[in-house]
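Chemist: sharing a model that was predicted from the sequence below.
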Amino acid sequence: MKPPAKLLDTNICIYVARSHPAKVARRFARAAPGSLGISIITWGELCFGAAKSNDPSRAHVLLEQFSRLVQVLPLPAEAGPHYGEVEPYCKGQARPSAITTSGSPHMRWRWACHWSATTFTNSSECRS
C-alpha cells in the first residue's frame with residue numbers, strides 16, 4: 001500500500017471522532033480510501049487519551065474502528081536525529097507526549113516530508 005497523501009494530527013483525529021467541527025467530519029468522510037494516515041506518535045497519543053477517558057472500553061472500540069480508516073505510519077529511522085534535536089526543548093514539561101504536542105511542529109513537518117504528505121493540524125496546513 002502506498003503512503004497516504006495526508007497525515008492527520010491528534011487534534012484533527014479528535015475533531016473527527018466528535019464530529020466537531022462538522023466541516024472536519026464531512027471532509028474526513030469524503031476522503032478516498034487509503035488517502036489519510038496518522039503517525040505512530042499520534043496513534044500513541046490517541047491510545048493514551050482513550051485510556052484516561054471516562055469510558056476507556058468504549059474509547060478503545062472507537063479507536064479500533066478509526067484505525068481501520070487510516071494508515072498508522074511507523075516512525076522512520078531518520079526521525080531519530082530529529083527527535084534528538086527537539087527533545088532537549090521538551091525536558092521538564094509535565095506531559096510525556098510533549099515532544100509531539102507542544103515542542104515539535106518542526107518534527108511533524110519533517111515527518112510529512114519523509115512521507116511526501118501534507119500534515120493537517122488544528123491551526124495550519126504544512127505542505128512538503
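Modeler: Now that the structure is in, tell me what you want to look at.

Chemist: contacts and neighbour counts: CA atoms only from here.
Modeler: Fine.

Chemist: which residues of this protein score low on pLDDT?
Modeler: Applying pLDDT under 70 to the chain flags residues 82-128.

Chemist: which residues in it form strands?
Modeler: 6-8, 36-39, 71-73, 118-120, 125-126 (DSSP state E).

Chemist: stretch 26-42: which residues count as buried?
Modeler: Neighbour counts over stretch 26-42 (16 or more other CA atoms under 10 Å) mark Phe28, Gly34, Ser35, Leu36, Gly37, Ile38, Ser39, Ile41, Thr42 as buried.

Chemist: how about the helices in the chain?
Modeler: Remark: helices assigned in the chain by DSSP state H are 10-18, 22-30, 40-51, 56-67, 79-90, 98-101, 105-114.

Chemist: how big is the angle separating the third one from helix 56-67?
Modeler: Helix 40-51 runs at 150 degrees relative to helix 56-67, counting by axes from the mean of the first three to the mean of the last three CA atoms, to 10 degrees.

Chemist: quick one: helix 40-51 to helix 10-18, angle?
Modeler: Interaxial angle, helix 40-51 versus helix 10-18 (the same axes, to 10 degrees): 50 degrees.

Chemist: how about the CA coordinates for helix 40-51, as CSV?
Modeler: Coordinates of each C-alpha in helix 40-51 appear next as CSV, following Å, rounded to 0.1, in the frame of the first residue of the first chain:
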residue,chain,number,x,y,z
ILE,A,40,2.6,6.1,15.3
ILE,A,41,3.1,9.0,17.8
THR,A,42,-0.4,10.3,17.0
TRP,A,43,-1.7,6.8,17.5
GLY,A,44,0.0,6.6,20.9
GLU,A,45,-1.5,10.0,21.9
LEU,A,46,-5.0,8.7,20.9
CYS,A,47,-4.5,5.5,22.9
PHE,A,48,-3.3,7.5,25.9
GLY,A,49,-6.4,9.7,25.7
ALA,A,50,-8.7,6.7,25.4
ALA,A,51,-7.1,5.0,28.4
